[in-house]
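Participant: Return a 3D structure for these sequence lines:
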Amino acid sequence: MVLLLADGYGQPGSGAFRLHQVHNALGLQSLEPGVLHPVSDPAERWTSSLASLEARGIYDAALANAEFVPLQTWGETSLGAVTGNNKWFTLSERDVAELGLAEQDLIRISPPVPAIFADWNWGRRTGSGCVSTVQPPTCSARSSASPAGQELISAGQQLGVDSAYKCRVRSPWWRVPILAVPDLFMTYMNADTPRLTTNHAQVHHINSIHGVYLGADVREVGRELLPLASLNTLTMLGARLWAAPMEEGS
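Facilitator: Numbers count the residues shown, from 1 in each chain. Here you go, the predicted model:
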């Protein structure tokens with residue numbers, strides 16, 4: 001939670017603010033001096049004040065000496081496909097078998113719950129929908145669905161899936177625009193830090209996770225190197241300080 005005290009509206013700015021961190025509301029009764037954060041650009045992110053001056057010095061030096069580089073140096077990062085209703089569009093292998101869907105109805109996708117990446121085989125054994133690796137005619141590149149696929153589409157209409165915003169603006173509503181298969185997956189909204197995972201399964205991704213598309217000149221080494229090399233304190237610090245929410249379609 002962030003509390004912002006801003007007074008003196010309409011008056012010249014002070015050019016700085018102080019950041020205080022407390023564990024709970026009681027801490028507000030006896031604030032320490034806090035960290036002074038000079039503001040050189042109104043659009044500047046203030047989260048850099050969360051790090052100590054020593055940590056920022058080490059981080060800035062590493063960037064200046066090109067010992068560390070932004071992820072964009074390796075390639076582009078993109079949100080995954082927006083289905084409009086992940087619960088309906090994503091299926092487990094058990095679901096596919098019970099529905100009798102054909103291969104033409106399916107496309108392999110990343111799990112809708114990123115945590116399942118940690119133990120994908122467990123999810124397969126339990127039949128959890130959270131480890132779906134397939135998607136119904138929704139995302140198929142083909143123009144028609146099998147009889148079982150058509151039944152699924154009709155069932156979705158009866159449930160009102162087609163009336164969800166992202167669905168009703170598509171034609172047909174069940175065909176989700178799918179991006180190319182990414183080289184890596186990158187988690188977001190993490191408890192600690194973003195994690196990179198090599199897409200060995202060569203599946204597409206939905207918007208529960210980011211996809212990373214590496215440049216042709218670094219793809220071979222980056223696919224295997226980055227997931228391990230990114231597990232260091234400076235990368236984690238950079239992710240905490242500068243990672244910003246991505247806009248849909250970016």
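Participant: Which phi and psi values does the closest residue to residue 183 other than its chain neighbours adopt?
Facilitator: Nearest non-adjacent residue to residue 183, counting by Cβ to Cβ, 6 or more residues apart in numbering: residue 214, 4.5 Å away. Every C-beta, even on glycine, is put in place using the N, C-alpha and C of the backbone. Dihedral angles of residue 214 (phi, psi; degrees, to the nearest 10) stand at phi -80, psi 150.
Participant: Hmm, residue 74 and residue 214 touching each other?
Facilitator: Yes. With contacts counted by Cβ atoms under 8 Å, residue 214 reaches residue 74, the gap being 5.5 Å.
Participant: For the residue nearest to residue 183, report the pLDDT, please.
Facilitator: Among the per-residue scores, residue 214 holds a pLDDT of 97.
Participant: Quickly list what's touching both of residue 214 and residue 74.
Facilitator: Residues touching both residue 214 and residue 74 (Cβ atoms under 8 Å, 6 or more residues apart in numbering) are residue 222.
Participant: Using PDB, write down the CA coordinates of the helix or strand hosting residue 241.
Facilitator: Using DSSP states H and E, residue 241 falls within helix 233-242. Taking Å, rounded to 0.1, in the frame of the first residue of the first chain, the C-alpha atoms of helix 233-242 are listed here in PDB:
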ATOM      1  CA  THR A 233      20.700 -10.200  -7.500                       C
ATOM      2  CA  LEU A 234      21.300  -7.400 -10.000                       C
ATOM      3  CA  THR A 235      18.700  -8.800 -12.500                       C
ATOM      4  CA  MET A 236      16.200  -9.200  -9.600                       C
ATOM      5  CA  LEU A 237      16.900  -5.700  -8.500                       C
ATOM      6  CA  GLY A 238      16.500  -4.300 -12.000                       C
ATOM      7  CA  ALA A 239      13.200  -6.100 -12.400                       C
ATOM      8  CA  ARG A 240      11.900  -4.700  -9.100                       C
ATOM      9  CA  LEU A 241      13.000  -1.100  -9.900                       C
ATOM     10  CA  TRP A 242      12.100  -0.800 -13.600                       C
END
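Participant: So which residues of this structure form helices?
Facilitator: Remark: helices assigned in the chain by DSSP state H are 53-64, 86-89, 93-99, 120-126, 147-158, 165-168, 219-229, 233-242.
Participant: pretty sure residue 109 contacts residue 202?
Facilitator: No. Judged on Cβ under 8 Å, residue 109 makes no contact with residue 202 at a distance of 11.2 Å.
Participant: Those two: which has the busier surroundings?
Facilitator: Neighbour tally, residue 109 and residue 202, criterion other Cβ atoms under 10 Å: the higher count belongs to residue 109, 27 against 9.
Participant: which residues touch residue 238?
Facilitator: 59, 68.
Participant: Swap in 6 Å and give it another go.
Facilitator: Residues near residue 238 by Cβ atoms under 6 Å, 6 or more residues apart in numbering: none.
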